[in-house]
Each structure stands twice: as C-alpha cells, then as structure tokens.
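Novice: Would you be able to build a 3D model of this:
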Amino acid sequence: MSSQPEVYPGTIVLKFYSKAELLSYIRSMVDFYQRQVQQCGDKLGELLRAGGQTGEKQNNDKQVRKGWSKIGSVSINMSSSSTAYAEIMFQMQEEMKQKLARVSDVLKSVEGFSTAGIAEDASFLVYFRNGLPEAIIVNQAEKKREPFVFSATFKVV
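Specialist: Numbers count the residues shown, from 1 in each chain. The predicted structure follows:
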C-alpha cells in the first residue's frame, strides 16, 4: 500500500507485502482515530461551554435523547439543534474511542507476530469490517514482487 487513506474503508480486503507495510498502515489508523477522538472532544467542549450544558446520562451510560422522533429508519430532532448536536458528538466520540481501542489491540498483536514465528517479509491479506481489521491471513511463501525495470540504449544511424 503506497498511500494511507484518511478515511478507512468499511468492508474490504487489503493486501500488504510486509509486516512493516502492515504496521505502517495500522499505525496510521491509530493516529487517525486519535485525531477523531480529540476533534470530537474539542467540539464537545465548545458546544458545552457555549450552551452551558452538562452531559446528562442515564444509568446505563447512554446519552439522554430528548426531542427525538423516528421517521422511517432515521431519528430526527427538530426541538433543539445544539443539544441534539452535542448528543451526536458524545455518541461519535464513544464510537471513535471503541475503534481506537480495537485498532490499538490489533497493533499490539501485529507487533507480536515475530514471537509467533511469522516472517518479517511475509505478505498479509487483511479483512476490514466497518473500518476495523477483523482477520489477517498470512502468506509466508509469497514475497513482494519487484517492479520490472527496462534499461536500453539506442543509437540513431
């Protein structure tokens, strides 16, 4: 993988030609989710300071959802946009924290591949589901293909 996407794929299988390449990609995912958690926290701070709100929570630690109604399969809030936005940001921050924890665990696992006898130059197929690494297939026999290089000299007669 030569470029690191800013938004991670939903459900896809990606191929990596070395452990270093896989580690680089997963580290970029950790950085991405850390930034997302930080941005959500910053935005929540702004919203709460501006509105003088506190995060009301129920006993089950889910955000209180006042003013919401269901239309079809989507929830709609028309009563208080700033409160609704803060609720959504709380929810988003929690989801990003969970994704960050999952990706951090995967990173630790991949860093431990050497102790499991997995070669540094093995190739990997990684199954991503909902933007998170779910399964890794190791192919120790396949090596990264070297690019074809053509070199020639020409003489004009």
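Novice: When you work out contacts or count neighbours from here on, use the C-alpha atoms and nothing else.
Specialist: Fine.
Novice: so which strand or helix has the spatially closest residue to Ile136 that is not a sequence neighbour?
Specialist: Spatial nearest neighbour of Ile136, excluding adjacent residues (CA to CA, 6 or more residues apart in numbering): Val126 at 4.5 Å. Val126 is part of strand 123-129, with elements assigned from DSSP states H and E.
Novice: buried ones in that strand?
Specialist: For strand 123-129, burial by neighbour count (16 or more other CA atoms under 10 Å) applies to Ser123, Phe124, Leu125, Val126, Tyr127, Phe128.
Novice: repeat for stretch 20-31
Specialist: Across stretch 20-31, burial judged by 16+ other CA under 10 Å covers Glu21, Leu22, Leu23, Tyr25, Ile26, Arg27, Ser28, Met29, Val30.
Novice: Please apply the same query to stretch 100-110.
Specialist: Neighbour-count burial for stretch 100-110 flags Leu100, Val103, Ser104, Val106, Leu107, Val110 (criterion: 16+ other CA under 10 Å).
Novice: likewise stretch 39-54?
Specialist: For stretch 39-54, using 16+ other CA under 10 Å, the buried residues are Cys40, Gly41, Lys43, Leu44, Leu47.
Novice: Nearest to Ala141 among the residues you listed?
Specialist: Cys40 (43.1 Å; CA to CA).
Novice: show me the contacts for the closest one.
Specialist: By CA atoms under 8 Å, 6 or more residues apart in numbering, the contact list for Cys40 reads Met89, Phe90, Met92, Gln93.
Novice: quick check, distance from the lengthiest helix in the chain to the centre of its chain.
Specialist: In the chain, assigned by DSSP state H, the helix with the most residues is helix 19-51. Helix 19-51 has its C-alpha centroid displaced from the chain centroid by 9 Å (CA atoms, centre = their mean, to the nearest Å).
Novice: Output the contacting helices and strands for the helix or strand just after that helix.
Specialist: Using DSSP H and E, the helix or strand that directly follows helix 19-51 along the chain is strand 68-71. If contacts are counted by 3 or more CA pairs under 8 Å, 6 or more residues apart in numbering; DSSP states H and E, strand 68-71 sits against strand 74-77.
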